[in-house]
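Visitor: heads up, no residue letters with this:
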């Protein structure tokens, strides 16, 4: 199955889970339901995947965990927040960079309409989003007032 087809199934499964449960639950509840639905569709689903850093030629376990990796090709980061912030998007972009994967989803399960809470991220596609990496960095730094 191609990445695009897997992506469509992730979105469909997320919409299905959110439609059944509605907003307001813990993100872990939605994650478990999404994983269940994707496994029924014959996808390999891993969650809380360890993500060590490679720095100065050494692997460092800094405690980072990817919420979900689907079929070894896509990442899903689940949030249950009032609004997606630039730091959430930066987190997903960093995870994509560190894993070498080419597509990820950021899903905010607390949206009344889930389609408003699904963000698709593709590394090095700033021309499609209209935001350069420098713009993303500035937005990220503003969150931390650096």
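Guide: Received, thanks. Predicted model only: the values in this text are computed from it and were never measured. Residues are numbered from 1 along each chain as shown.
Visitor: How about residues contacting the host helix or strand of residue 107?
Guide: Here residue 107 sits within strand 103-108, counting by DSSP states H and E. For strand 103-108, contacts defined as C-beta atoms under 8 Å, 6 or more residues apart in numbering pick out 3, 7, 10-11, 14, 30, 73-81, 83-84, 88-89, 92-93, 95-96, 114, 117-122. C-beta coordinates here come from the backbone N, C-alpha and C atoms, glycine included.
Visitor: Would you show me how to pick out the buried ones of those in ChimeraX?
Guide: The ChimeraX selection below is limited to those of the contacts of strand 103-108 classed as buried (16 or more other C-beta atoms under 10 Å):
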select :7,10,11,14,30,73,74,75,76,77,78,79,80,84,88,89,92,93,95,96,114,117,118,119,121
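Visitor: Next step: the contacts of strand 103-108 restricted to helices.
Guide: 3, 7, 10-11, 14, 30, 88-89, 92-93, 95-96 (DSSP state H).
Visitor: related to what we said a few turns ago, quick one: average pLDDT of the strand holding residue 107?
Guide: For strand 103-108, mean pLDDT rounds to 96.
Visitor: How far does it sit from its chain's centre?
Guide: Taking the mean of its C-alpha atoms, strand 103-108 sits 3 Å from the chain's own mean (C-alpha atoms, centre = their mean, to the nearest Å).
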